[in-house]
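Q: Got a predicted structure here, sequence first:
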Amino acid sequence: MPVSRVPAKLLAWYDVHRRTLPWRAPRGKRGDPYRIWLSEIMLQQTTVQAVGGYYRKFLERWPDVKALAAARQDDVLAAWAGLGYYARARNLHAAAQVVAKELGGVFPKTAEALRALPGVGAYTSGAIAAIAYDERQAAMDANAERVIARLYAIQTPMPKAKKEIHERGQALVPERAGDFAQALMDLGSAICTPKLPACKTCPLNADCLARKRGIQETLPVKAPKAVRPLKRGAAFVARDKSGAVLLLKRPDKGLLASMLEPPLGPWEEKFPSSNAALKQAPFATEWKKRAGVVRHDFTHFELEIEVYGALLSKRPKTKGQWVAVEKLREVALPTVMRKIVEHGIDEGGPLFAVQTSSARRR
């Protein structure tokens, strides 16, 4: 395959069909590194559709890196709530503080230097360096990986194929590195889709080895999915006479670190019996078990929770904070905990417009 013609074809297609995205600079202009970095962190493991609203709200509240660095971590987590993968929010805040306090508010200009920031790995550093500074870096997100795997008919299963895919992609990067990175993303999103790719309208169809062999829909080859264990437990949703809900703060490290939750029992293989569950409750009262269960998928396991609700005439002496129902959307309550609270309140209508993240990028 004549490598030299692939970038030119792709860029010509991109100049006509490029997507309009809130973080993408207008044609011919260099993007703001803060906005590019913010969008790339948000887009990790999450779709463009899920990110748009969060991105706009973050910019309205924290328009530059110094403003974000000065924010309270709890406020950043609250603004992130519902987007998932909450370590990203903690790293986002930590990286903003590094840039604001140690680097004078100026982002590093190379992929190598960007990788020193919390939460910035090989892909993210390459994407920021390419899009913000036109450094000749391959930005291999899931869409770009799919395009390159098909273009070269790479049949090595993922994730072993990543090294070859990155090398092939890197060899193609032209001087317009930022546009090329975004062109690969757009092509994978609009044309070179996981199923039923629109090969007839693809600008690279004459060069695509997978298409010539009729194997494009089989690539990239996915590794077998690991069986995820199922964990079960009980949760306790208590409301005082004003309707406020009792929430606790999770530990500062580990799953959903520093986020809020209703009181929970341990997560084990089986549900606790009603008697055992009541012993896990934060205090003694007339707990009522709600019908059904709350289900949630984490990356490495599945979770099922039985929910016990209680209406209290008087607040008991217990740790935690009481949050008014109208404030629940404003606190750092992750999606799974929102589901639990909503199920525990059980008043027949959704309290939250719950947005769930997807593993499919962009």
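A: Happy to help now that I have it. Note that this is a predicted model, so its numbers are computed, not measured. Residues are numbered from 1 along each chain as shown.

Q: Please count neighbours and contacts with C-alpha atoms only from this point.
A: OK.

Q: in which helix or strand would I find G188?
A: According to DSSP states H and E, G188 maps onto helix 177-190.

Q: gap between that helix and the chain center?
A: 19 Å (CA atoms, centre = their mean, to the nearest Å).

Q: which other helices and strands contact that helix?
A: Contacts defined by 3 or more CA pairs under 8 Å, 6 or more residues apart in numbering; DSSP states H and E place helix 177-190 against helix 5-17, helix 122-133, helix 142-151.

Q: TSV for those helices, including mean pLDDT?
A: Putting the helices and strands packed on helix 177-190 into TSV (pLDDT from 0 to 100) gives the following:
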stretch	mean pLDDT
helix 5-17	96
helix 122-133	96
helix 142-151	97
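
Q: Columns mean neighbour count on top of those helices, output as JSON lines?
A: Output for the helices and strands packed on helix 177-190, formatted as JSON lines (neighbours: other CA atoms under 10 Å):
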{"stretch": "helix 5-17", "mean neighbour count": "15"}
{"stretch": "helix 122-133", "mean neighbour count": "24"}
{"stretch": "helix 142-151", "mean neighbour count": "24"}
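
Q: Mind putting these into CSV with distance to E268?
A: Listed next are the helices and strands packed on helix 177-190 as CSV, based on distance: least, CA to CA, whole Å:
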stretch, distance to E268
helix 5-17, 50
helix 122-133, 35
helix 142-151, 34
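
Q: out of these, nearest to A324?
A: helix 122-133 (38.0 Å; CA to CA).

Q: Run through the neighbouring helices and strands of that closest one.
A: Packed next to helix 122-133, using 3+ CA pairs under 8 Å, 6+ apart, are helix 33-43, helix 111-114, helix 177-190.

Q: Show me what it is in contact with.
A: 30-33, 36-37, 40-41, 109-112, 114-115, 135-141, 177-179, 181-182 (CA atoms under 8 Å, 6 or more residues apart in numbering).

Q: D74 and V120, how far apart?
A: D74 sits 21 Å away from V120, going by CA to CA, to the nearest Å.

Q: Between the two, which is the more surrounded one?
A: V120 (22 against 16; other CA atoms under 10 Å).

Q: show me the contacts for the more buried one.
A: Counted by CA under 8 Å, 6+ apart, V120 has contacts I41, L114.

Q: In a helix, it, correct?
A: No. Applying DSSP: H, G, I helix; E, B strand; the rest coil, one finds V120 to be coil, outside a helix.

Q: For W267, see how far away it is.
A: Distance from V120 to W267, by CA to CA: 31 Å.
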